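In: Fold the following, please.
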Amino acid sequence: MDLDLTSITDNWRYLANGLGLTLLLSLATVAGSLVVGGAVGLARCYGPAWLRWPLVFYIDSMRAIPVLVVLVWSYFALPIVTGWSLPPFWAAFVALTLHIAAYVAEIVRAGITSIRPGQTRAALALGMSRRQAVIQIVLPQTIIRMLPAFGSIISIAIKDTAIAAVIAVPEYMKQSETVAGQTFRPIEVFTCAMLVYFLILFPVTRLIDMAYLRVAHLGRS
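Out: Next up, the predicted model:
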């Protein structure tokens, strides 16, 4: 089998544009997931009792439904139900954010519950308010304990952007499919795509693990 890399070198600008969109969608999804998931996790732990059941339903339903189904629904079914039609990029952003935020919420809840309740009680006994105890005592330790899990969330968010090709988002995988179809060189194109995703994800996960090793002692109690 002869390898011909001209399919990649001749279309590198086209592929680079897709890669840029992949990184943009990844960053937006990670940021949105952390914000939404963090808020849901905190509300589940410290919010009113009546709010917890809807949040549990949201978390369990998002974890039970494949991300591809959520993506397709947000693009094709949402306009029918609500009358609002989202462009492919924003439909992918909404679907990926809502899906991944459910996992972030569970990570936040697990991190908070891993802190011994005695620390909160001691802070309240010293005159701190519940909010001060959460912000100054619980959350700093929780964030450190959640770092390894957040590394996995970032990896999942970056990889899941490839699914956006289903709704014609011109990200890297969609561009790779186009190039492979036009040049009849799927082995070279998709091998390159595999290496690109690896070169993006491997340093990210290693850096987060290294950061966690440096600060892990601060999360022990």
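In: element containing the residue nearest to the spatial centre of the chain, please.
Out: For the chain, the residue whose C-alpha lies nearest the mean C-alpha position (CA atoms, centre = their mean) is residue 157; its distance is 3.6 Å. Secondary structure assignment for residue 157, by DSSP states H and E: helix 139-160.
In: And that helix, what's buried?
Out: Counting neighbours by 16 or more other CB atoms under 10 Å, one finds that the buried residues in helix 139-160 are 139, 141-151, 153-158, 160. C-beta coordinates here come from the backbone N, C-alpha and C atoms, glycine included.
In: Check stretch 3-18 too.
Out: Within stretch 3-18, the residues that qualify as buried are 7, 8, 11, 15, 18, counting by 16+ other CB under 10 Å.
In: tell me the pLDDT at the last one?
Out: The confidence metric pLDDT takes the value 95 at residue 18.
In: And for the fourth one?
Out: We note a pLDDT of 95 for residue 15 in this prediction.
In: Packing partners of the helix or strand that contains it?
Out: Using DSSP H and E, the element containing residue 15 is helix 12-46. The helices and strands touching helix 12-46, judged by 3 or more CB pairs under 8 Å, 6 or more residues apart in numbering; DSSP states H and E, are helix 49-64, helix 88-113, helix 139-160, helix 172-183, helix 186-215.
In: and the nearest residue to residue 61 once chain neighbours are set aside, how many neighbours?
Out: Take residue 61 and drop its neighbours on the chain: the residue closest to it by CB to CB, 6 or more residues apart in numbering is residue 102, 8.0 Å away. Counted with other CB atoms under 10 Å, the burial measure for residue 102 works out to 23 neighbours.
In: if we can go back for a sec, pick the most buried one from the helices and strands packed on helix 12-46.
Out: When neighbours are counted by mean count of other CB atoms under 10 Å, the highest per-stretch mean among those falls to helix 88-113, a mean of 22.
In: Understood, closing this out.
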